[in-house]
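>>> Here you go, sequence then predicted model.
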Amino acid sequence: DAKTTQPNSMESNEEEPVHLPCNHSTISGTDYIHWYRQLPSQGPEYVIHGLTSNVNNRMASLAIAEDRKSSTLILHRATLRDAAVYYCILRRSAGGTSYGKLTFGQGTILTVHP
Amino acid sequence: GAGVSQSPRYKVAKRGQDVALRCDPISGHVSLFWYQQALGQGPEFLTYFQNEAQLDKSGLPSDRFFAERPEGSVSTLKIQRTQQEDSAVYLCASSLDYQLREQFFGPGTRLTVL
């Protein structure tokens, strides 16, 4: 599976935007970019995913570089509830034997200051 | 609405004991995954079910680990002769089907082996 690289930690102030980067230089054409986050003492939760175009949903935006070798998760206004570990994950599209399992890395620990 | 539930939430076992961890996925979800999360690490894939069929068990660390989903709904992860290195949070996730749908995670079972 292609690997992702994320900073170990980032900090933000409440109400400010946060840009969480992810490098995936070995991404293949069939890999989707997924983001999950894990709040303390909880299971991971889905945030957003995309293939080539930028994506927006109620939680966040995903900006994907034109060469797809990097992406950025954008939280437009961080709140204290956004403090979590954020995982950038590549998922192979349907087919083969991956069955969509998630391969988590270390993730980025986001701290939000009041 | 009901999400993925897991029981027990916490389990303490003496080394050598057998344990059984239960997962109740979201009703109607075809795909079910088990992950293991060691302290300070990202979750790691253990095994995957599509309905009652176990299609991938490549992540199970040893033959002491066994998972089943006999009626395609509830799943049980069993660990025989527990060892200290089995101490971790065991996460269950379900997904509507085998396509690239988001996975919904339960809160996990924290297993401590003394």
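Now that the structure is in, tell me what you want to look at. These figures come from a predicted structure and were not determined experimentally.
>>> Neighbouring strands - and their directions - for the helix or strand where residue B:54 lies?
With secondary structure defined by DSSP states H and E, residue B:54 is part of strand B:53-56. Here strand B:53-56 is paired, per DSSP bridges, with strand B:44-50 (antiparallel).
>>> hmm, who's touching the strand it pairs with?
For strand B:44-50, contacts defined as CB atoms under 8 Å, 6 or more residues apart in numbering or on different chains pick out A:99, A:101-104, B:30-38, B:54-61, B:65, B:67, B:69, B:72, B:75, B:77, B:90, B:98. Every residue, glycine included, has its C-beta placed from N, CA and C.
>>> contact partners of the strand holding residue B:54?
Here strand B:53-56 has contacts from A:97, A:99, A:101, B:47-49, B:67-69, using CB under 8 Å, 6+ apart.
>>> what is the rounded mean pLDDT of that strand?
Strand B:53-56 carries an average pLDDT of 94.
>>> from the contacts of strand B:53-56, which is closest to residue B:109?
Among those, residue B:67 lies closest to residue B:109 (CB to CB), at 13.1 Å.
>>> sorry, back to before: which two in the contacts of strand B:53-56 are spaced the farthest apart?
Longest span within the contacts of strand B:53-56, CB to CB: A:97 and B:68, 20.1 Å.
>>> What are the buried residues along stretch A:103-114?
A:103-105, A:107-110, A:112 (16 or more other CB atoms under 10 Å in any protein chain shown).
>>> got the end-to-end distance for stretch B:2-11?
23 Å (CA to CA, to the nearest Å).
>>> what comes up buried for it?
In stretch B:2-11, counting by 16+ other CB under 10 Å, buried: B:4, B:6, B:11.
>>> where in the chain is pLDDT low?
I went with chain A, as the question did not name one. A:1, A:94-98 (pLDDT under 70).
>>> Please refer instead to chain B.
B:1.
>>> 90 instead, please
Residue ranges of chain B with pLDDT under 90: B:1-2, B:97-101.
>>> returning to what we had before: quick check: of the buried residues of stretch A:103-114, which lies closest to chain B?
For the buried residues of stretch A:103-114, the residue nearest chain B by CB to the nearest CB is residue A:104; the value is 3.2 Å.
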